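Student: need coordinates for the following:
(chains A and B)
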Amino acid sequence: MRAFVRAALEDPAAGLGPVDVVEAATGFDALRLLPRGPYQLVISDINMPHINGLELVRFIRQSDQHRETRVLLISTQASERDRERGLSLGADGYLPKPFTPEELWSAVGQHLPSDAPAQRRDG
Amino acid sequence: MVEMTDKAREEFFSEAQEIVEAFSRNLLSLDASQRKGHPDPELINEAFRAVHTLKGLAGLFGATRLGSLSHRLEDLLDALRLGRVELTLDVLDVLFTSVTVFTRLLEAEQAGEVEPPAALRDLLEAIQAISSEQKKRGGLAATYDLDPGMLAVLTEYEEHRLRVNIENNVNLYRLRVRFELSSIDKELESTKDKAREFGEIITYLPTGEASSADSIELDLLMASPADYATVAAALAGDNAILEEIPRRQVGGASASEGGEGDELAVSEDGLEADRLDEDGQNIERTGSLRSITQTVRVDIRKLDHLMNVVGELSIVGNTLAQLSERVRAEGSRQVAMELHRLQRNYARRLTEIQDGILEMRMVPLGQVFERLARAVRQMSRELGKEIRLVITGAETEIDKLIVEELSDPLMHMIRNAIDHGIEPVEEREAVGKPAAGTIALNAYQKGNHVMLEVEDDGRGIDEAALIRRAVSFGAVDKGAAAELTREEILSLVFLPGVSTRQEVGDLSGRGVGMDVVKTNIAKLGGVIDLHSEAGIGTKVTITLPITLAIVRSLLVQCGPQVFAVPLSTVSEALTFDGTGTRQVEGREVMTLRGSTLPLCRLADLLMIPEYPRPAREFVVVTTMGDRRLGLIVDYLVGQQDIVIKPLGASLGSVRGFAGASELGDQRVGLVLDTAAIIEEVLTPTEMRRHEVRHG
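Tutor: Residues are numbered from 1 along each chain as shown, chains lettered A, B, ... in the order given. Prediction:
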């Protein structure tokens, strides 16, 4: 999944320009990598081992340094409840899996601040 | 996704196959834990992950039918793991069926079949039927004073685990722990391991407080039946503070529907808070570029090729040895010594390579045993017979190619055991046997052979019925039948068309089985023996060579020709001067250390035209299972490792030869199929005639 997202974002057809994609293997990895930011956008799955996507959103929203970072959550269609929770915790967007590169581009375009190279991380 | 290369396709199939096998193993454990009344949540998780990975794989390779089945199955497993669907034996039946269908789909995919297998539709319907019965989860009274902030970030799965734990009335703890970012993985693992002994960690929430650049504070929500002191002693420390989450006074607390965070949707799941999702598996699989296991998947044909090369090299080595002999004979001592040393060194290294390759081809029999365990479960459910399968020696290793060929014969024997051997429950209880029938599957290594036993505690083979059947088939005549020994009677089972049962069994079908089983085992260079006691049970023993790739052989000469006899079937060789033999039942025999050894002149057996025989000959004592035969030959030529090449289509059906091989000095020799020869010579004439007729 991470490889898929990376490939889609780096695809010139995405129209995102040059992107710098940083991958995190787990929620912990994400916590480790966050201070090396700033990042324009974090893309995270909800279901991850240990720290889940909801916890990551809460952490980002409560943190002084990362509060402004945008978060796009992804998860399976079935988990309506998790989607609602994510959004109420302060995620900026939600993309149900499975999705096509086009759907990803559109969601990312919507949540990416217009300036600067895009960056992402994903659990 | 992209154009698939052949290599990628092969990778796909072997990986998919592996996942399906892991899934199947997992279901067997789940089945066992379900029967004990406590389906292990982690096993359901593993099954979920396996199917999830399979789905991803199928998507990547455009295998749509495989993908859609995985998808539906994943949904079902998700519902199981979230507690929306209860894991019953019927649900397990469907899951087990899916293993069979997956295998079938993979075969169809590999063969490029367009038509979906019929079983697929039925299975999808069955999955649909179960999935549509999902329970609505009720809310739970808020019995613990949980932090709403923590509840708000639980995923549905975590919530479910929390709920399950609360229902079990365990204690809930919050462990606030600080990890150094640099060593978090290690520390986390150690915390998890310690926690696992006491209960389940449901979630890990970063507190956001006091986090610095190099450390992070987490709240672990943990459920455990143990009391505070016990858990604290194990987990609390300098960097970890344990708090028990107090229970609320039950009464007023309202149930919550598990929608928003304030309700009490605490679920626990301490054991492994792996959340799985589309990516769950990917995370683990790609989390690090380093592979977790130090293994490489290799196509067996590549190993075959290497083995052939080694075979050729060993021929070069033999030539080198002969050359070195000649140089010595012709006088140049210095060169001869150098050459000799070189040749010795070469031979030693070659042996190392050979051993290495052989080892690579070895796989544990457990692979095939798992498939059998699944089949046993299914059959016992279908027939309503309770079966206990006891497996020993699953770690015994044998050549990959042999393993592949073993599953069908073993499956057939097990079917026979369940269908014909194990009695119905009432019948068993009437004779004082436990209601559950036992089938033992044993494997062990014995010298250069692997022994496999399938043993049941059923009613045994009905010898009288067997004889009647064989007579009615014309396999033996009545008179001869009366003189058969017990062993010979039992071996009637292996004749084509003979079955002890008149009606066709649901499982084992018509009586076309054991003869085919026997032929297939013989193709692998193995033999099959059968023992049965009326009322006590039946035991089938299969003796197989460990490998088919390289055969250490004894070269013997008969007249002008050299033959190779696989050394694994040779127990000894002695000189023979023609004296001390006698005739028993029309066969030449001799006495060897007190026991009778049947003899056979190889030249006569192979109908080699008359030639002057040497005064002193040799007897090569060959054994297969518990049968022995002395082959009389002219000379012993020596030992050699040979790679057996098949004889080709036109000669392939000639009995008595396993193939041909190069023998070093550019000559080609035939390799004797000792099992077939022993069979041919020692089988009573009556029965052999029959076989030839049918055969």
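
Student: chain A against chain B: which residues are in contact?
Tutor: A:1-3, A:25-28, A:31-32, A:35, A:45-59, A:62-63, A:75-76, A:78-79, A:81-82, A:84-85, A:88-89, A:97-98, A:123 (C-beta under 8 Å from any C-beta of the partner chain). All C-beta spots, glycine's among them, are computed from the backbone N, C-alpha and C.

Student: check the secondary structure at the nearest residue to residue B:398 once chain neighbours are set aside for me.
Tutor: Using C-beta to C-beta, 6 or more residues apart in numbering or on different chains and skipping residues adjacent in sequence, the residue nearest residue B:398 is residue B:450, 4.9 Å away. Each residue gets one of three states, and residue B:450 gets strand by DSSP: H, G, I helix; E, B strand; the rest coil.

Student: what comes into contact with stretch B:676-683?
Tutor: B:491, B:522, B:527, B:598, B:600, B:605, B:622, B:624, B:627-629, B:631, B:655-656, B:688, B:691 (C-beta atoms under 8 Å, 6 or more residues apart in numbering or on different chains).

Student: okay, buried residues for it please.
Tutor: B:676, B:677, B:678, B:679, B:680, B:681, B:683 (16 or more other C-beta atoms under 10 Å in any protein chain shown).

Student: so how far is it from its chain's centroid?
Tutor: 30 Å (C-alpha atoms, centre = their mean, to the nearest Å).

Student: restricting to C-alpha, output that stretch in PDB.
Tutor: The C-alpha coordinates for stretch B:676-683 follow below in PDB (Å, rounded to 0.1, in the frame of the first residue of the first chain):
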ATOM      1  CA  ALA B 676      10.100 -53.700  -8.700                       C
ATOM      2  CA  ILE B 677      12.500 -56.600  -9.100                       C
ATOM      3  CA  ILE B 678      11.900 -57.900  -5.500                       C
ATOM      4  CA  GLU B 679       8.200 -57.500  -6.200                       C
ATOM      5  CA  GLU B 680       8.400 -59.300  -9.400                       C
ATOM      6  CA  VAL B 681      10.400 -62.200  -8.100                       C
ATOM      7  CA  LEU B 682       8.800 -62.700  -4.700                       C
ATOM      8  CA  THR B 683       5.100 -62.300  -5.600                       C
END
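
Student: partner residues bridging residue B:670?
Tutor: residue B:563, residue B:660 (DSSP bridges).

Student: need phi/psi at the closest residue to chain B within chain A.
Tutor: Per C-beta to the nearest C-beta, the residue of chain A with the smallest distance to chain B is residue A:47, at 3.1 Å. Backbone dihedrals for residue A:47, given as degrees, to the nearest 10, come out at phi -90, psi 110.

Student: any idea how far residue A:75 is from it?
Tutor: 6 Å (C-beta to C-beta, to the nearest Å).

Student: swap in residue B:451?
Tutor: Taking C-beta to C-beta, one finds residue B:451 at 52 Å from residue A:75.

Student: what of residue B:370?
Tutor: Taking C-beta to C-beta, one finds residue B:370 at 33 Å from residue A:75.

Student: comparing the two, which shows the higher neighbour count?
Tutor: Using other C-beta atoms under 10 Å in any protein chain shown, the more surrounded residue of residue B:370 and residue A:75 is residue A:75, with 27 against 19.

Student: tell me the pLDDT at the residue lying closest to the more buried one once chain neighbours are set aside?
Tutor: Of all residues not flanking residue A:75 in the chain, residue A:46 sits nearest, at 3.9 Å (C-beta to C-beta, 6+ apart). Reported pLDDT at residue A:46 in the predicted model: 85.

Student: returning to that earlier point: isn't the residue of chain A closest to chain B right up against residue A:54?
Tutor: No - under the criterion of C-beta atoms under 8 Å, residue A:47 is not in contact with residue A:54, lying 9.6 Å apart.

Student: list residues touching both of the two?
Tutor: A:82, B:155.

Student: so which of these two has more stuff around it?
Tutor: The residue with more neighbours, out of residue A:47 and residue A:54, is residue A:54; 29 against 25, by other C-beta under 10 Å.

Student: let me know the helix or strand that that one is in.
Tutor: For residue A:54, the element it lies in under DSSP states H and E is helix A:53-62.

Student: what helices or strands is the helix or strand following that helix leaning on?
Tutor: Next helix or strand after helix A:53-62 toward the C-terminus (DSSP H and E): strand A:70-76. Secondary-structure packing of strand A:70-76 (3 or more C-beta pairs under 8 Å, 6 or more residues apart in numbering or on different chains; DSSP states H and E): strand A:41-45, helix A:53-62, helix A:80-89, strand A:93-97, helix A:101-111.

Student: same list, the ones you listed, but as TSV with distance to residue B:83 please.
Tutor: Formatted as TSV, the helices and strands packed on strand A:70-76 follow (distance: least, C-beta to C-beta, whole Å):
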stretch	distance to residue B:83
strand A:41-45	22
helix A:53-62	19
helix A:80-89	14
strand A:93-97	22
helix A:101-111	31
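
Student: so where's the stretch 351-500 of chain B uncertain?
Tutor: B:497-500 (pLDDT under 70).

Student: all strands of it, in order?
Tutor: For the stretch 351-500 of chain B, applying DSSP state E, counting those that start in this stretch gives strands covering B:362-364, B:387-392, B:397-399, B:437-446, B:449-456.

Student: kindly report the same for the stretch 201-350 of chain B.
Tutor: B:215-224, B:240-244, B:255-256.

Student: among these, which is nearest residue B:57?
Tutor: strand B:215-224 (33.3 Å; C-beta to C-beta).

Student: just give the strands next to that closest one in its sheet, each with its orientation.
Tutor: Counting by DSSP bridges, strand B:215-224 is paired with strand B:171-180 (antiparallel), strand B:200-206 (antiparallel).

Student: quick revisit: just the buried residues of stretch B:676-683: which has the poorest pLDDT?
Tutor: residue B:683 (75).

Student: number of nearby residues for residue 107?
Tutor: Going with chain A. The burial count for residue A:107: 19, using other C-beta under 10 Å.

Student: that's the wrong chain, I wanted chain B
Tutor: 13.

Student: can I get the helix or strand hosting it as PDB, trimmed to CA atoms?
Tutor: Using DSSP H and E, residue B:107 falls within helix B:89-110. Extracted in PDB, the C-alpha atoms of helix B:89-110 (Å, rounded to 0.1, in the frame of the first residue of the first chain):
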ATOM      1  CA  LEU B  89     -18.000 -25.200  13.500                       C
ATOM      2  CA  ASP B  90     -20.200 -24.400  10.500                       C
ATOM      3  CA  VAL B  91     -18.300 -21.200   9.900                       C
ATOM      4  CA  LEU B  92     -15.100 -23.100  10.100                       C
ATOM      5  CA  ASP B  93     -16.400 -25.600   7.600                       C
ATOM      6  CA  VAL B  94     -16.800 -22.700   5.200                       C
ATOM      7  CA  LEU B  95     -13.300 -21.400   5.900                       C
ATOM      8  CA  PHE B  96     -11.800 -24.800   5.400                       C
ATOM      9  CA  THR B  97     -13.700 -25.100   2.100                       C
ATOM     10  CA  SER B  98     -12.200 -21.900   1.000                       C
ATOM     11  CA  VAL B  99      -8.700 -23.400   1.400                       C
ATOM     12  CA  THR B 100      -9.700 -26.100  -1.100                       C
ATOM     13  CA  VAL B 101     -11.200 -23.500  -3.500                       C
ATOM     14  CA  PHE B 102      -8.200 -21.300  -3.200                       C
ATOM     15  CA  THR B 103      -6.000 -24.200  -4.200                       C
ATOM     16  CA  ARG B 104      -8.300 -25.000  -7.100                       C
ATOM     17  CA  LEU B 105      -8.400 -21.400  -8.200                       C
ATOM     18  CA  LEU B 106      -4.600 -21.200  -8.200                       C
ATOM     19  CA  GLU B 107      -4.500 -24.300 -10.400                       C
ATOM     20  CA  ALA B 108      -7.100 -22.900 -12.700                       C
ATOM     21  CA  GLU B 109      -5.200 -19.600 -12.900                       C
ATOM     22  CA  GLN B 110      -1.900 -21.400 -13.600                       C
END
